[in-house]
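Enquirer: coordinates only, sequence not included:
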């Protein structure tokens, strides 16, 4: 063994990922080579008149330092590969364990055993912990479940005679009823009583149903005869119904009956002028927005 042989083996080890082939006694042979250099240097120093300036002593010193550095570098390079392949072997994966020296073989076998023992301890503890939790969950009695409280009985509104009012499936219609809209709120029609006859003994030829329906001219549009009658839509200036608000309808409300005795069919995106008393609840319930 010489310095050039050591350098060549280090160069090959650096150029490959797998372990290079080394004799089983490589490190012992390298140790003997370095030990021989030390002995030769000591002998040359003893024979030289000036040990520090003698060329042979200096040559042997340089060769000794270089050989030591090459062997250490070669070992560090190979030990990293040994650790990597030992972890593969512990996991039963393909690995390279050929060409190891005796020292590297001992390290390889020891690492494989330690890695497997460590994995068994860690994974075994995890499995025991998981099985213990499962046993605790299976052994623990189920917590009693409380029966849900019965919902409060809903009392149906009545019309005063004890009979329940018909339910409305239209939320918008319910909103209109809550605002006071609806033809049943007509103050001139109450409990089936008819209006008193007009002055002069003549009855009003236009019934309340015709006024509520707009006489076929559309919602809230009075006919000419009704418009000419002072009691069909005219209000004093101080009447709250004279105050109107223009709004845009944002939800399908349906038909309502205004405080001005007019019926309005309100649908989303309609722009309509309503009595202020009717417009305010719609705006509050986000069914309309003021313009």
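Expert: Thanks, I have it. Just so it is clear, the model here is predicted, and its values are computed rather than measured.

Enquirer: in the stretch 51-200 of the chain, which spans are helices?
Expert: Here the stretch 51-200 of the chain has its helices, by DSSP state H, counting those that start in this stretch, at 55-90, 102-139, 171-178.

Enquirer: could the ones you listed be laid out in a markdown table, adding distance to residue 40 and mean neighbour count?
Expert: Placement of C-beta: from N, CA and C, glycine included. Putting the helices of the stretch 51-200 of the chain into a markdown table (distance: least, CB to CB, whole Å; neighbours: other CB atoms under 10 Å) gives the following:
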| stretch | distance to residue 40 | mean neighbour count |
| --- | --- | --- |
| helix 55-90 | 5 | 16 |
| helix 102-139 | 26 | 12 |
| helix 171-178 | 108 | 17 |
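
Enquirer: I'd like to know which of those helices has the weakest mean confidence.
Expert: Per-stretch mean pLDDT for these is lowest at helix 171-178 (a mean of 48).

Enquirer: Helix or strand for the closest residue to residue 2 other than its chain neighbours, just tell me which one.
Expert: Closest residue to residue 2 apart from its sequence neighbours, by CB to CB, 6 or more residues apart in numbering: residue 33 at 7.4 Å. In this structure, residue 33 sits in helix 26-47 according to DSSP states H and E.

Enquirer: State the number of residues packed around the spatially closest residue to residue 99 that is not a sequence neighbour.
Expert: Spatial nearest neighbour of residue 99, excluding adjacent residues (CB to CB, 6+ apart): residue 21 at 3.7 Å. If you count neighbours by other CB atoms under 10 Å, residue 21 ends up with 11.

Enquirer: low-confidence ranges in this protein?
Expert: For the chain, residues meeting the criterion pLDDT under 70 lie at 130-242.

Enquirer: can I see the domain layout of it?
Expert: 3-135, 171-290 (automatic domain parsing).

Enquirer: re earlier: need the helices of the stretch 51-200 of the chain in JSON lines (columns: distance to residue 271).
Expert: JSON lines is the format used below for the helices of the stretch 51-200 of the chain (distance: least, CB to CB, whole Å):
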{"stretch": "helix 55-90", "distance to residue 271": "78"}
{"stretch": "helix 102-139", "distance to residue 271": "63"}
{"stretch": "helix 171-178", "distance to residue 271": "17"}
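
Enquirer: quick check, residue 265 in a strand?
Expert: Yes - assignment of residue 265 by DSSP: H, G, I helix; E, B strand; the rest coil places it within a strand.

Enquirer: Look up how far residue 246 lies from it.
Expert: For residue 265, the distance to residue 246 (CB to CB, to the nearest Å) stands at 17 Å.

Enquirer: Pick out whichever of those two has more residues nearby.
Expert: Set residue 265 next to residue 246 and count neighbours by other CB under 10 Å: residue 265 wins out with 15 against 12.
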